[in-house]
Structure formats: C-alpha cells, structure tokens
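Student: turn this into a model:
(2 chains, ligands or ions: 3)
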Protein chains: 2
Amino acid sequence: RRIAVDPAAFVQQGRKIVAIGRNYAEHIKELSNDAPKEPMFFLKPTTSYLPSGGNVEIPRGVAAHFEVELGLVVGRTGRDITQAEADSHIAGYALAVDMTARNMQDVVKKKGHPWSAVKGFDTFTPISTYIPKSAVSDPDNLQLTLKVNGVTKQDGNTNQMIFKIPRMVEHISSIMTLESGDLVLTGTPSGVGPLVPGDHVTCTLADATGTQLAALEFRAVQREGGYSFQP
Amino acid sequence: RRIAVDPAAFVQQGRKIVAIGRNYAEHIKELSNDAPKEPMFFLKPTTSYLPSGGNVEIPRGVAAHFEVELGLVVGRTGRDITQAEADSHIAGYALAVDMTARNMQDVVKKKGHPWSAVKGFDTFTPISTYIPKSAVSDPDNLQLTLKVNGVTKQDGNTNQMIFKIPRMVEHISSIMTLESGDLVLTGTPSGVGPLVPGDHVTCTLADATGTQLAALEFRAVQREGGYSFQP
Ligand SMILES: [Mg+2]
Ligand SMILES: [Mg+2]
Ligand SMILES: [Mg+2]
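Tutor: Ligands and ions are numbered 1, 2, ... in the order given. The predicted structure is shown next:
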C-alpha cells in the first residue's frame, strides 16, 4: 500500500519525526518544567530536515534555541511494539538538533495551543548522515556535545535519559504506528540556549571508547520573508 | 532529492497532515475556546489515515470526538505561498474527519503539553477518495454533514470559515514548506461529539447545487491493546 522506505535515506523518504520532550532531569530543571509520568512527544514535519553544512533560518521575532539529541531511525514498521522487540525495529541512528522557537513555545504552553509551529519551521531539524546500527555497540552510553562558535554549550550522555529507548518505542507505537524511515528524537540534555545570525554550531556523537560516530555542523542565518512572530 | 508524490495517491504517499483548529465561530463557542488572531494549526501523522469503510479504533479511556472537515490536497510544493498563488498549489480536495481524544486534549491544554498524541492515534483521520479540483467550482461554498447512526450531528458550510483557504495556505507555508501530497484540514463546524463502539458514521460533501462530491463512512470499535489513557 505504501512505498517502501530505505532507512539510510530517511531524510529524503521518511514520513514523520516523533520527538520526545523532557527526557533528561537537568534539562527539565533548566526550563522549570514538571517531569512527565510517561514519555511526552510531539511531531515535527520532515520538511524541517536540514542536512549538515546548511543554514538554520531564524524567523523574524523568534528566539531559536538548539537542543542536541540522539535520533533513532526506524527500519521495520510496527505497532504495539514491546520493549523486548524495540531494538529489532531500529535500523540505525542519527545526530540531530531539535530547534525550538522558545519564545513562541512559552506563549503556546500558556495558552494550551499546539507545539507544531514552534517546532516545525523549515530548517529546524539539522541532521547528520545515517549511522548504521552495526556502528553502535551501546546506544544507552553515547556522549552528545554541542558547541556554539567553539564554546561547549551541551555535553551530555544518553545514560542520563529518564525513559530508555525501548520504553519510548513502546509508548509511541502504542499510539501511532512507527514506519520504516521515521525518526524518533530522544530528548536533549541540559545547556540549551539561543542562536543568533552568524553563529556556527558543531555537534558530535561519540561512544564510550571515544570513537566519534557522527558530526553535524550548521550556521544560523536570518530567515528572509516568512512568518514573523509578534507576541 | 525527494520522491515525487501523486496527489491522487496522497493517502499512500503524502508526508504530512496540517490541521487548522478553531476556524468556525460556532465550534469555537461550543468548546469555550478563544478565537485565534492568526490560523492555529497542528500536525497529524499520515499513519492516522483510515480509508472509508474502515474502523476507527477508540483507545481505552479515551473520549473520541468526531470533527468533519474539508481537506485540501497539495499538488505543487511551495514555501511562502502568497494568497494569490494559493489556488495553483492545490490539486484537489477530500472529505475527512479529524478524530480527537477530547478528554486527553482537555488535560494537555491545561498542562501546556503538545497535541500530537491527542490527534495522532492510528485510524484518527478517516478520509474519502480524492476529489480532483475540476469537480469543485467553489470550495468556499461546500456543505459538510456528519451523521451518527443516521442522526445528523454536524451540518455546516465552508462559507462559515473564519480564515479562508488562501490565508491558511499562506500562513502554513510561511512556517513550513507544503509539499505535493500533503493534506490541509480546514477546521470543523459546530456539532462535534463523542463516538462509542458500535456507532456508524456517515459524512457527505456537497456543492451549492446539491451535487454530492464525496462520501465517507466508518464504524467505531474498541481498540484492542495499545495506549490506555489514565487522567
Ligand atoms: Mg527536544
Ligand atoms: Mg503538537
Ligand atoms: Mg479539527
């Protein structure tokens, strides 16, 4: 019924991005949020993908914050996936940044409005190349770093995640089918902050032995035209 | 870069569903919401599509409400689409129901959480077959009806929409690129309400001359397994 998707081409062919929020205790504290009882997630459109080397466009009036995250690339479509089966549905990984219009998010959270625009601007999901699962021995012990203009802002480890990968896959797929080519973003460690035009961002993903698995870099620029946020 | 999508096959090949909320004054009143200053939208995953004749699965603990809506099928990819250009990006239409987990939505609105789960369950977007644009002379004057077990619950006209189609396309595409195969849901008129297992739903879309352009029917059943909502 649907066109088969090659997980390695998830950026071009994938249909959805499911992003977990509030999955690192220190990040929950820095935004003064409550810790969720179950994984909390939102959707980002695949039109927000930005391959490494591109420009993140900051819309007028928007305070755009970076959030470096580990991404899971779904390889096998499934629904009601158990925690025991979760790993068999993951084909690989990616390093991603979940760009967020923070000042808009503050407003929609107060009003009880959806997050889709806040998280869904074009270029708001910088993404590395595909990392096949064979390259990753332990996804629960990966170091994520993000630097702005050479200064380290985020430096966290996936061993700090509140909900582990099998629980995230179980939860999401109990609500919506996860399809081959979908990306799951697993939440960000602490240290998030704003980008301004001209900023250069570099991110790395490394395993416990220090082997670098992925790199990602982009520049922030002012969005020409488009939406203008007026609070 | 991306695989071309045939608009007539948007259900199988499309990548996103962008749904406008609060676009009919009487519906805003019935839910005691505030009228938005600009179009408000959220994303639904394409895994929520349910072709006519299928079963909407109501998750455990969920009060699932129907919302009948006109859908726009994007035929030509665009960004920063002007109101004058909007029509040239629309290939056709569809009749849809935006199923909503209303009791979950009440909770996430209070907490300022995302709407993605509330709107994104599997089977939560019943959808008609594709209606080519050539069949529709005036999309701003179409009658939408929804009956539950033969009793009319919704009977509205797209001439009551607060934000017209060109304004919706302009707004969404100023934030996220609209791609060929995307569906835009345009909001629901008043009369929304819950479904219980066993309910049979029938919807129609007709033009001002009374010509029926689309029909859609489905049955509500209890979801086996999956997510269970506990407020
Ligand atoms: Mg995030
Ligand atoms: Mg949302
Ligand atoms: Mg709706």
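Student: list the buried ones in the longest strand seen in chain A?
Tutor: Counting residues, the longest strand in chain A under DSSP state E turns out to be strand A:212-222. For strand A:212-222, a neighbour-count test (16 or more other CB atoms under 10 Å in any protein chain shown) marks A:213-214, A:216, A:218, A:220-221 as buried. The C-beta positions use only the backbone N, C-alpha and C, and glycine is treated the same way.
Student: quick one, what contacts whichever residue of chain A sits closest to ligand 2?
Tutor: Here the residue of chain A nearest ligand 2 is A:Pro114; by CB to the ion that distance is 3.9 Å. With contacts defined as CB atoms under 8 Å, 6 or more residues apart in numbering or on different chains, A:Pro114 is in contact with A:108, B:21, B:40-43, B:114-116.
Student: sorry, back to before: and ligand 2, which of the buried residues of strand A:212-222 contact it?
Tutor: Subset of the buried residues of strand A:212-222 in contact with ligand 2: empty, counting by CB under 5 Å from the ion.
Student: so can I have TSV of these showing pLDDT and distance to ligand 3?
Tutor: Converted to TSV, these look like this (pLDDT from 0 to 100; distance: CB to the ion, whole Å):
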residue	pLDDT	distance to ligand 3
A:Leu213	98	41
A:Ala214	98	38
A:Leu216	98	36
A:Phe218	98	35
A:Ala220	98	34
A:Val221	98	35
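Student: ok, those vs A:Ser180, which is closest?
Tutor: Nearest to A:Ser180, judged by CB to CB, of these is A:Ala214 at 20.5 Å.
Student: can you give me the helices in chain A?
Tutor: Assigned by DSSP state H, chain A shows helices spanning A:10-13, A:25-30, A:86-89, A:102-111, A:116-120, A:165-173.
Student: put together JSON lines for the ones you listed, with mean neighbour count and mean pLDDT on each row.
Tutor: JSON lines is the format used below for these (neighbours: other CB atoms under 10 Å in any protein chain shown; pLDDT from 0 to 100):
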{"stretch": "helix A:10-13", "mean neighbour count": "20", "mean pLDDT": "96"}
{"stretch": "helix A:25-30", "mean neighbour count": "15", "mean pLDDT": "88"}
{"stretch": "helix A:86-89", "mean neighbour count": "16", "mean pLDDT": "98"}
{"stretch": "helix A:102-111", "mean neighbour count": "16", "mean pLDDT": "97"}
{"stretch": "helix A:116-120", "mean neighbour count": "27", "mean pLDDT": "98"}
{"stretch": "helix A:165-173", "mean neighbour count": "22", "mean pLDDT": "98"}
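Student: closest one to chain B among the ones you listed?
Tutor: Set against chain B and scored by CB to the nearest CB, those come closest in helix A:102-111, at 3.3 Å.
Student: are the least confident helix or strand in chain A by mean pLDDT and ligand 1 in contact anywhere?
Tutor: In chain A, no helix or strand scores lower on mean pLDDT, DSSP states H and E than helix A:25-30, which sits at a mean of 88. No - Helix A:25-30 lies out of reach of ligand 1 by CB under 5 Å from the ion, never closer than 8.4 Å.
Student: could you dump that helix to PDB, C-alpha only?
Tutor: Output in PDB follows, covering the C-alpha atoms of helix A:25-30 (Å, rounded to 0.1, in the frame of the first residue of the first chain):
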ATOM      1  CA  ALA A  25      16.400  15.600  34.500                       C
ATOM      2  CA  GLU A  26      18.800  18.500  34.300                       C
ATOM      3  CA  HIS A  27      17.100  19.900  31.200                       C
ATOM      4  CA  ILE A  28      13.700  19.700  32.900                       C
ATOM      5  CA  LYS A  29      15.100  21.800  35.700                       C
ATOM      6  CA  GLU A  30      16.600  24.400  33.500                       C
END
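Student: what about it, distance to the chain center?
Tutor: 16 Å (CA atoms, centre = their mean, to the nearest Å).
Student: ok, the closest residue to A:Arg79 other than its chain neighbours - how many residues close by?
Tutor: Excluding the flanking residues, the one nearest A:Arg79 by CB to CB, 6 or more residues apart in numbering or on different chains is A:Thr177, at 4.4 Å. Applying other CB atoms under 10 Å in any protein chain shown, we find 21 residues neighbouring A:Thr177.
Student: thought A:Thr177 was touching A:Arg76?
Tutor: No - if you go by CB atoms under 8 Å, A:Thr177 and A:Arg76 don't touch, sitting 11.3 Å apart.
Student: which residues of chain A lie near ligand 1?
Tutor: Residues of chain A lying near ligand 1 (CB under 5 Å from the ion): A:67, A:98, A:188.
Student: what's the closest of those residues to chain B?
Tutor: Distances from chain B to these, taken by CB to the nearest CB, are shortest for A:Asp98, at 12.5 Å.
Student: leaving out chain neighbours, which residue sits closest to that closest one?
Tutor: A:Glu67 is the one closest to A:Asp98 (CB to CB, 6+ apart), at 4.2 Å.
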